[in-house]
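*Asks:* sequence first, predicted coordinates after that:
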Amino acid sequence: MSTRILPVAGDPDLARSLVSLLSQLPEAEPALPVPDSTALLDALDRLAAESLDELPEVVLVHERVGPVPALDLVHEVVRRFPQVGVVLVTADTGTTVLTAAMDAGARGILPLPLAYDALAERVRAAAEWSAGMRRHLGNSPEGGGGSGGGRVLTVSGAKGGVGTTLAAVQLALAAKASGSTVALVDLDLQCGDVAAFLDVQFRRSSVDLAGIADLTPRVLQDAMFPHPSGLGLLLAPADGERGEEVTERAARQILGALRSRHDLVVVDCGSQLTAASAAAVELADQALLLVTPDVMAVRAAKRTVRLWERLQIRKAEETLTVLNRHTRSGEIQTALVSRITGTTTARTTIPAAYKELAGAIDSGRVHELDARGTVRQGLWTLAGELGLVQVPEQPTGGRRRKKGAHTGASSALARRGDRGAVTLEFAGIFPLVLVVIGLMWQCALYGYTFSLAANAADEGARAGTAAVAAGEDGAGACRA
């Protein structure tokens, strides 16, 4: 059986050396090396989407790969694709590096400079482990997933004040209403408003998890705030300057722990890019970028997308732009936003109706928005478009027919209730109709009699004139 191997190395010379040595291994199928962490995760996602059997057995990760640190990348690959054996290629083979690599989930380390025997041994061990893991996952009822837990959804703003926090809260509530376990994380570490929007008083925040190496369920539970709506909240620190303590590595660790324990993790990233929010956007299964229909916001969205691409955080085509405060009469529509930013635009737009929100925002009761409001309906429709809302399957057979019969009965009752309404309305308006008809008849008679009188007067005048001319009695002729 052949062993598929995917090298990851940013150094072209090292990549060529790896491919050259791997080609000499028996039954080895080395793939073209990928240069960075983003390309690796994209390649693995693409292969997993086709079939889990298409994933390589072994991935070789160089210690200087970027932009994600090598150990973090190892941990991410192992978490998302547990059937892949990962080997760390490093010049430092000390105990500290070995321990860190094992903790991250690597199957071993490969020392530099490269040696054929060491490479063959490490690849063989990782391939055997991968084969055993695939057999185990193949027999497991849940062994097909490459997601490694729940989904991560980030909500970012093109600029401040575009509705990022409101959207994050409502999307989380929509997912929770469908029965999912949801964690809402505020990674707007300096200006986070999730606590204010939900009117909660808290003592713990994400800063309390930043320095903990082992995030156990008990530790997570202590740091999160259980909201009455059912959401688990991990809030930003009350002191904004402490947000710097949440590093990129800490953010990855926190999101990974939350992801493994929740069906959905919604992250409010705010409008400013920090190390923590950058890590969240890169790790996210879906990344939303909120924009309002004004020139400044669209320009800011374009700058944000270009920044993400330059930092290799996320590609433009993998970003979903959502148009908030949308009006049909406005000049900026979804097609224009998509063309300017180069991103995909959500089909659902959020209407502009601030009056619906003012009271809830001022009182910190955003989770109690009126279900009939257009803004809430728009955001929950967006949740359905994103697949956050699980629509229950319609029952078949008798139950479906029963529902149809119930609908038909309701319609029949409605029609029965309307029966006779036309008769009553006609009875009420009938006297008015008679009055109008009588007036019209009187007008017609008046006009007709006036016409007859005028004709008679003309005839009498002509007869009198003729009689006078003939020497006869004119008055008698008129009367005649």
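*Replies:* Yep, it's here. Numbers count the residues shown, from 1 in each chain.

*Asks:* average pLDDT for the one helix or strand residue 442 maps to?
*Replies:* Counting by DSSP states H and E, the element that carries residue 442 is helix 421-469. Helix 421-469 shows a mean pLDDT of 79.

*Asks:* same for it, what does it pack against?
*Replies:* Here helix 421-469 touches helix 474-479, going by 3 or more C-beta pairs under 8 Å, 6 or more residues apart in numbering; DSSP states H and E. Backbone N, C-alpha and C define where each C-beta goes, glycine included.

*Asks:* what residue spans form the domains of this protein?
*Replies:* Domain ranges of the chain: 3-139, 151-386, 422-479, per automatic domain parsing.

*Asks:* wait, is residue 184 part of a strand?
*Replies:* Yes - assigned with DSSP: H, G, I helix; E, B strand; the rest coil, residue 184 falls within a strand.

*Asks:* does it have beta-bridge partners, and which?
*Replies:* Note on residue 184: beta-bridge partners by DSSP bridges are residue 233, residue 266.

*Asks:* next, the contact list for it, please.
*Replies:* Contacts for residue 184 (C-beta atoms under 8 Å, 6 or more residues apart in numbering) come out as 168, 169, 172, 194, 231, 232, 233, 234, 266, 268.

*Asks:* average pLDDT across the helix or strand the third one falls within?
*Replies:* It stands for residue 172. Here residue 172 is covered by helix 164-177, with elements defined by DSSP H and E. Mean pLDDT, helix 164-177: 93.

*Asks:* how far out from the middle of the chain is that helix?
*Replies:* 10 Å (C-alpha atoms, centre = their mean, to the nearest Å).

*Asks:* could you do stretch 269-278 as well?
*Replies:* On C-alpha atoms, centre = their mean, the centre of stretch 269-278 falls 18 Å from that of its chain.

*Asks:* same question for stretch 278-295.
*Replies:* On C-alpha atoms, centre = their mean, the centre of stretch 278-295 falls 9 Å from that of its chain.

*Asks:* equivalent analysis for stretch 42-60, please.
*Replies:* For stretch 42-60, the distance to the chain centre is 26 Å (C-alpha atoms, centre = their mean).

*Asks:* check which residues of it are buried.
*Replies:* Within stretch 42-60, the residues that count as buried by 16 or more other C-beta atoms under 10 Å are 43, 44, 47, 48, 52, 55, 56, 57, 58, 59, 60.

*Asks:* looking at these, which has the smallest pLDDT value?
*Replies:* residue 52 (78).

*Asks:* how far away is that one from residue 32?
*Replies:* Per C-beta to C-beta, to the nearest Å, residue 52 is found 21 Å from residue 32.

*Asks:* try residue 432
*Replies:* As judged by C-beta to C-beta, residue 432 and residue 32 stand 87 Å apart.

*Asks:* so where do the strands sit in the stretch 251-400 of the chain?
*Replies:* Under the criterion DSSP state E, counting those that start in this stretch, the stretch 251-400 of the chain contains strands at 264-270, 286-291, 319-323, 344-345.

*Asks:* the second one packs against which elements?
*Replies:* It refers to strand 286-291. strand 151-157, helix 164-177, helix 295-310, strand 319-323, helix 334-341.

*Asks:* let's have the ones you listed in TSV, adding mean neighbour count and distance to residue 281.
*Replies:* Shown next, in TSV, are the helices and strands packed on strand 286-291 (neighbours: other C-beta atoms under 10 Å; distance: least, C-beta to C-beta, whole Å):
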stretch	mean neighbour count	distance to residue 281
strand 151-157	26	5
helix 164-177	25	13
helix 295-310	17	7
strand 319-323	24	9
helix 334-341	17	15
